[in-house]
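Participant: Pasting a predicted model and its sequence here:
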Amino acid sequence: MTCYLRIHNILAAVRPSSDLPKDWARVNTAWQNATSLLDRQRILGEMQLDEIDLYELAEADITAYCGLILSGRVDQDYLYRHRDVLLNFIEAGNTVVFSGDIDVPWLPDTAPSLPIDQPNGSDIGLAFADHPIFDGISADMVGDYFASGHYVLPPGAKALVTLPQQRAVVYEHAIGTKGGRILLHAGHTLLGYAADARAAELSTRLIPQLLTWIRRGSPTEEAIA
Amino acid sequence: MKRLATLYSGAHSERLSLKRQASERYISETIYLLDLPDADLSRSDGLIVPEGLNHTKLELARSQLLTFMSSGGTVFLFGDQPTEWLPGVRWHFDVAGQPEPENLLPENAGHIFHRSFEPTDFFHQHGFFLPPDGAKVLMRKRNGNVVVYEDTVSTGGRLFVTSLDLMHHVDGFFGNPVSRKFFDRFVLWAAEEYL
């Protein structure tokens, strides 16, 4: 259960080139049964993610990584204070992924998230763009926590998952000249989906496809089978 | 009214909870977690430690909080506690399920806690505790697992511990009416009655 794993206390740093697991169903089962911070560290390691304490962002050497995944309930005051570190990381050609509600603009070009006032789930009209992260994923697979709000799309950004009236639940935004990107998602942490047994079909696609997209490759069918 | 301070760690749910009218009225000071080492806790009678705070930082504050408690201060702990960062706080994993008031049993019926709270005021709990000898159990599950207790023996002061979340389920997408009611009543109870 991800509520015990305190993913908001860490940056999940994406290793750029090590081999991703072949058997995601097994990794997901281990993640579903994780109950401690040691379990978290071990299983994120299997996903080829390193943990960095959030409060180490300003001092840590993150140059070895191609992406950072951050989850809701993060300390946004700290991130705002050190937003230049994140901006430099993105402008160097890397990717930052965040799921949750933004209150203060610690990521470039972001505005606070806006609420949705209706019950969540597949009947709220979620639409998925054709995109490698969401290949094979449809609204009826994502459950009640995928969309907790929406974001105003900054100029140049591309909406990947929308509510009616083109309200963006997920968008991708290119930053700088070296291929840096932000993936902003108003919803429950994407890493959490691997821990949701009810979303088994989704999680075996979503996590490998997300990590592969961050690494700029194409997932093999073997990896997401 | 006593002075009730709370820690805060920049989380969305904390921000929403601290904007509530009850917070403005009953919480006298908000202390940012990274400012805790320089904070003057002697100005306060009680300190809320909301769920989900970085435990590395809390462990660094251990002696500061023990000094606060031995000087008469009360510390309120919420949610899961993955390390025993204060004496006697031994937390154990359990699945956080749906609200189950029929499964919660008040204990020590004369305690002031029970004048304001009953099992229907509880949203789900995050695990349970193994309280030290001498602690006063206030609520346990039918299977014996303790989810609220008060400890006046382990620290030289007073520690109020529950595996309930205080702020995460109050407002916003993850909010619910039971948690809103608990939060508003809790800060009033702490500042006006308990401290």
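Facilitator: Received the coordinates, thanks.
Participant: who are the neighbours of the top strand by length along chain A, in terms of helices and strands?
Facilitator: The longest strand of chain A (DSSP state E) is strand A:167-175. Under the contact criterion of 3 or more CB pairs under 8 Å, 6 or more residues apart in numbering or on different chains; DSSP states H and E, strand A:167-175 touches helix A:83-91, strand A:149-150, strand A:158-163, strand A:180-185. Every residue, glycine included, has its C-beta placed from N, CA and C.
Participant: With mean neighbour count, distance to B:L66 and mean pLDDT added, can I get the ones you listed in JSON lines?
Facilitator: Output for those, formatted as JSON lines (neighbours: other CB atoms under 10 Å in any protein chain shown; distance: least, CB to CB, whole Å; pLDDT from 0 to 100):
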{"stretch": "helix A:83-91", "mean neighbour count": "17", "distance to B:L66": "34", "mean pLDDT": "97"}
{"stretch": "strand A:149-150", "mean neighbour count": "22", "distance to B:L66": "40", "mean pLDDT": "94"}
{"stretch": "strand A:158-163", "mean neighbour count": "19", "distance to B:L66": "48", "mean pLDDT": "96"}
{"stretch": "strand A:180-185", "mean neighbour count": "22", "distance to B:L66": "41", "mean pLDDT": "97"}
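Participant: ok, back up a step: give me the mean pLDDT for the longest strand of chain A.
Facilitator: Strand A:167-175 shows a mean pLDDT of 96.
Participant: Show me which residues of that strand are buried.
Facilitator: A:167-173, A:175 (16 or more other CB atoms under 10 Å in any protein chain shown).
Participant: swap in stretch B:50-61?
Facilitator: Buried, per 16+ other CB under 10 Å, within stretch B:50-61: B:50-55, B:57-58, B:61.
Participant: Does at least one residue of that stretch sit close to chain A?
Facilitator: Yes. On the criterion CB under 8 Å from any CB of the partner chain, stretch B:50-61 is in touch with chain A at B:52, B:54-57.
Participant: where are the low-confidence patches of the chain?
Facilitator: Went with chain A since none was named. Scanning chain A for pLDDT under 70 picks out A:1-2, A:118-122, A:194-200, A:217-225.
Participant: For it, which residues are neighbours of chain B?
Facilitator: Near chain B, when you scan chain A using CB under 8 Å from any CB, you find A:1, A:3-4, A:6, A:8-9, A:35-37, A:53-55, A:72-79, A:100-101, A:103, A:115-116, A:120, A:145, A:148-149.
Participant: what's the straight distance from one end of stretch B:11-24 to the other?
Facilitator: End-to-end distance for stretch B:11-24, by CA to CA, to the nearest Å: 18 Å.
Participant: mind checking the longest helix of chain A?
Facilitator: Of all the segments of type helix in chain A, defined by DSSP state H, the longest one is helix A:200-214.
Participant: helices or strands up against it?
Facilitator: helix A:24-32, strand A:67-71, strand A:95-99, helix A:221-224.
Participant: mind checking how far it is from the chain centre?
Facilitator: How far helix A:200-214 lies from its chain's middle: 10 Å, per CA atoms, centre = their mean, to the nearest Å.
Participant: List the buried residues for it?
Facilitator: A:200, A:202-214.
Participant: Quick check: the gap between the closest residue to B:G134 other than its chain neighbours and chain A.
Facilitator: Once flanking residues are discounted, B:G134 sits nearest to B:V153: 3.8 Å by CB to CB, 6 or more residues apart in numbering or on different chains. Relative to chain A, B:V153 is positioned 28 Å away (criterion: CB to the nearest CB, to the nearest Å).
Participant: With B:L58 instead?
Facilitator: Applying CB to the nearest CB, the value for B:L58 to chain A is 11 Å.
Participant: residues in contact with that residue?
Facilitator: B:49, B:85 (CB atoms under 8 Å, 6 or more residues apart in numbering or on different chains).
Participant: And what about it, helix, strand or coil?
Facilitator: Here B:L58 is recorded as helix under DSSP: H, G, I helix; E, B strand; the rest coil.
Participant: Which stretches in chain B count as strands?
Facilitator: Counting by DSSP E, the strands of chain B are B:4-8, B:27-32, B:46-49, B:74-78, B:91-92, B:104-106, B:128-129, B:136-141, B:146-151, B:158-162.
Participant: and the last one, which strands flank it?
Facilitator: Counting by DSSP bridges, the strands paired with strand B:158-162 are strand B:74-78 (parallel), strand B:146-151 (antiparallel).
Participant: So for B:A190, which of those strands sits nearest?
Facilitator: Closest to B:A190 of the strands paired with strand B:158-162, according to CB to CB: strand B:74-78, at 6.8 Å.
Participant: what sits up against that closest one?
Facilitator: B:45-51, B:65, B:68-69, B:86, B:89, B:155, B:157-167, B:190, B:194-195.
Participant: chain center to it, what's the gap?
Facilitator: Distance, centroid of strand B:74-78 to centroid of chain: 4 Å (CA atoms, centre = their mean).
Participant: Show residues contacting the longest helix seen in chain B.
Facilitator: As assigned by DSSP H, the longest helix anywhere in chain B is helix B:177-189. Identification of contacts with helix B:177-189 by CB under 8 Å, 6+ apart yields B:4, B:17, B:20-23, B:25-27, B:99, B:113, B:116-117, B:120-123, B:164-171.
Participant: List the buried residues in that helix.
Facilitator: B:178-180, B:182-184, B:186-189.
Participant: tell me which parts of chain B are close to chain A?
Facilitator: Checking chain B against chain A by CB under 8 Å from any CB, the hits are B:9-13, B:15, B:32-34, B:52, B:54-57, B:80, B:82, B:93, B:95-96, B:126-127, B:168, B:172-174.
Participant: hmm, back to that, just send the strands of chain B back as JSON lines, with mean neighbour count, mean pLDDT and distance to A:I137 too.
Facilitator: Shown next, in JSON lines, are the strands of chain B (neighbours: other CB atoms under 10 Å in any protein chain shown; pLDDT from 0 to 100; distance: least, CB to CB, whole Å):
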{"stretch": "strand B:4-8", "mean neighbour count": "24", "mean pLDDT": "98", "distance to A:I137": "36"}
{"stretch": "strand B:27-32", "mean neighbour count": "16", "mean pLDDT": "98", "distance to A:I137": "38"}
{"stretch": "strand B:46-49", "mean neighbour count": "24", "mean pLDDT": "98", "distance to A:I137": "39"}
{"stretch": "strand B:74-78", "mean neighbour count": "23", "mean pLDDT": "98", "distance to A:I137": "35"}
{"stretch": "strand B:91-92", "mean neighbour count": "16", "mean pLDDT": "94", "distance to A:I137": "36"}
{"stretch": "strand B:104-106", "mean neighbour count": "16", "mean pLDDT": "96", "distance to A:I137": "39"}
{"stretch": "strand B:128-129", "mean neighbour count": "24", "mean pLDDT": "96", "distance to A:I137": "36"}
{"stretch": "strand B:136-141", "mean neighbour count": "20", "mean pLDDT": "97", "distance to A:I137": "38"}
{"stretch": "strand B:146-151", "mean neighbour count": "23", "mean pLDDT": "98", "distance to A:I137": "37"}
{"stretch": "strand B:158-162", "mean neighbour count": "24", "mean pLDDT": "98", "distance to A:I137": "38"}
